[in-house]
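**Q** 3D model of this:
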Amino acid sequence: MTRLSEDIPFPGQLAHEPAPQAEAVVSGVDAWVVYQLKNNLLRGVHYENQLYGHWNAYLYELFPSRRRFMITPQAIIRTPVAGEGEPEDIDDADRSFGSTGAIFESRNLPGFEECIKYPDFVPFKEVPQVDGEIIHHPITIVEVKRDLQGLEDGHSQMVGYMTTAARHRNTPRTLRGFLLGGHHLKVYTIQTGIEGAEPEVGDRRDILVPQQEEGSYDIALELAKLAAERWNEVAA
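**A** I've put the predicted structure just below:
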């Protein structure tokens, strides 16, 4: 058993293993996690944070930490500044190179940094380095609202998250985001690395409607596909 109080050696590279089918990832989700999430979505909640724990547990089932996925609640998406390069190329004291591959204003500048976004959940592939630095590969964005009205209220937030994250170099070429209003959903898709790109927004779906019925959306399967695609990312 590894304890925080013990000396822990650098874990080394992620070992390659056969990537599972998305269906296999979904079938491995603990039934208790599914039951608790569905029960709270059906009965409704007074505050959206009453859903955070259930969604966090659900996401960790689909993006397991043993494959070096990391679910970051209230993840910070900083707004990049103009410029490209590698960390060693940034010699301007007013700029710094971030873990997601973008260039930002230095935190040492006076005042407060503006235009920081805080989506509810961002699954990352996290790559620790021997020198203590960490590289983050964002996979998707999940924003949780308590009810159907949240799909309207959260739209501008989601657009901001997507357009800002699309400017980070380590973001996937096609980035998908999930805006949930209770058990209703809209999927946002943006092509990254394109100046001025805006996300496409899908029709409203219901994640509790059986898959064969109109208006359904299997969010578990779609998230599991994203996990399976990156199962061996940064593997040896």
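
**Q** Can you give me the domain boundaries for the protein?
**A** 22-75+119-125+138-229, 78-116 (automatic domain parsing).

**Q** Out of these, which one sits most buried?
**A** domain 22-75+119-125+138-229 (a mean of 17; mean count of other C-beta atoms under 10 Å). Every residue, glycine included, has its C-beta placed from N, CA and C.

**Q** Show the average pLDDT along it.
**A** Taken as a whole, domain 22-75+119-125+138-229 has an average pLDDT of 94.

**Q** how long is it end to end?
**A** 9 Å (C-alpha to C-alpha, to the nearest Å).

**Q** and if you look at stretch 190-210?
**A** 27 Å.

**Q** outside of that stretch, which residues touch it?
**A** Applying C-beta atoms under 8 Å, 6 or more residues apart in numbering, the set of residues contacting stretch 190-210 from outside is 38, 41-42, 151, 155, 158-159, 162-163, 165-169, 171-175, 177, 180, 183-189, 215-219.

**Q** mind checking how far that stretch is from the chain centre?
**A** Remark: stretch 190-210 is offset 14 Å from the chain centroid, using C-alpha atoms, centre = their mean, to the nearest Å.

**Q** and if you look at stretch 32-49?
**A** 20 Å.

**Q** Repeat that for stretch 225-236.
**A** For stretch 225-236, the distance to the chain centre is 14 Å (C-alpha atoms, centre = their mean).

**Q** which residues make contact with that stretch from outside it?
**A** 12-17, 19-22, 25, 62-64, 67-69, 123, 125, 127, 137, 139-140, 176.

**Q** one step back: how about JSON lines for the domains of the chain, with distance to residue 8 added?
**A** Converted to JSON lines, those look like this (distance: least, C-beta to C-beta, whole Å):
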{"stretch": "domain 22-75+119-125+138-229", "distance to residue 8": "15"}
{"stretch": "domain 78-116", "distance to residue 8": "20"}
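
**Q** I'd like to know which of these is closest to residue 5.
**A** Between residue 5 and the domains of the chain, the tightest spacing by C-beta to C-beta is seen for domain 22-75+119-125+138-229, at 20.0 Å.

**Q** Just want the phi and psi numbers for residue 25.
**A** phi -60, psi -50 (degrees, to the nearest 10).

**Q** how far does stretch 121-140 stretch from start to finish?
**A** 9 Å.

**Q** before we move on, what about stretch 176-187?
**A** End residues of stretch 176-187 are separated by 7 Å (C-alpha to C-alpha).

**Q** Could you say which helix or strand holds the residue nearest in space to the middle of the chain?
**A** Closest to where the C-alpha atoms of the chain average out (C-alpha atoms, centre = their mean) is residue 122, at 2.3 Å. For residue 122, the host element (DSSP states H and E) is strand 121-128.

**Q** My guess is residue 150 contacts residue 183. True?
**A** No. Counting by C-beta atoms under 8 Å, residue 150 sits too far from residue 183 to count as a contact (11.0 Å).

**Q** returning to what we had before: the residue nearest to the centre of the chain bridge partners, please.
**A** Assessed by DSSP bridges, residue 122 has beta-bridge partners residue 72.

**Q** Now do the contacts for it.
**A** Residues in contact with residue 122 (C-beta under 8 Å, 6+ apart) are 71, 72, 75, 77, 138, 139, 140, 141, 142.
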